[in-house]
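Q: predicted coordinates and the sequence they were generated for:
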Amino acid sequence: MRILSFLIIFLNLSASYAFERMVTHGYPACIACHVSPNGGGLLTDYGRSLSKELLSTWGVSDVFARPAFSVKNTERVKIGGDVRGIQTYFKNSNVDQGRLFPMQQNVELGLNVGNAMLVGTLGTQEGPDTAPRRGQFLSERHYILWSPTPTSRVRVGK
């Protein structure tokens, strides 16, 4: 029974990272928007347009739908990335301090080669000044997604 429980949890682990917000918009499957069927990371052109329409606060012009505000995706090359920061604030009778620092900075690139998509991220480890390895090179994802048939996919990598 323990082995069966472990296998169920292990094999279903990718679902634990899913977010429900797109289900409320009628998109229960990650592959509708993401290159990877597990979701997360690089968006398809359709996912990019949905992000602009449903999730973005400001979607005034087409410039917000393009990564780096200038590069346009093609059928062969997809580009994306993330820049995120965090604001902390702590106040009590002895301390009143707030800090803003980057949490994530990366660029993600996908290259379509036949029935395969090669995807990788390039970025740096971020966090507060005291974070270990801050500023060092980091690749959050790098994988090959092979589609032998239109309804099946095999993903190898991180």
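A: Nice, thanks for sending it over.
Q: was I right about Phe137 contacting Asn106?
A: No. Assessed by CB atoms under 8 Å, Phe137 is found out of contact with Asn106, at 10.3 Å. Just so you know, the C-beta spots here come from the backbone N, C-alpha and C atoms, and that holds for glycine as well.
Q: more neighbours, the two?
A: With neighbours defined as other CB atoms under 10 Å, Phe137 and Asn106 compare such that Asn106 has more, 20 against 9.
Q: helix or strand for the more buried one, just tell me which one.
A: Applying DSSP states H and E as the criterion places Asn106 in strand 96-113.
Q: give me the common contacts of Phe137 and Asn106.
A: 122-124 (CB atoms under 8 Å, 6 or more residues apart in numbering).
Q: picking up where we left off before, for the strand holding Asn106, buried residues please.
A: Going by neighbour count (16 or more other CB atoms under 10 Å), the buried part of strand 96-113 is 104-106, 108-110, 112.
Q: next secondary structure after it?
A: strand 116-125.
Q: next one, pLDDT for Met117 please.
A: pLDDT for Met117: 94.
Q: list the contacts for it?
A: Counting by CB under 8 Å, 6+ apart, Met117 has contacts 35, 110-111, 144-145, 147.
Q: how far away is it from Arg141?
A: 12 Å (CB to CB, to the nearest Å).
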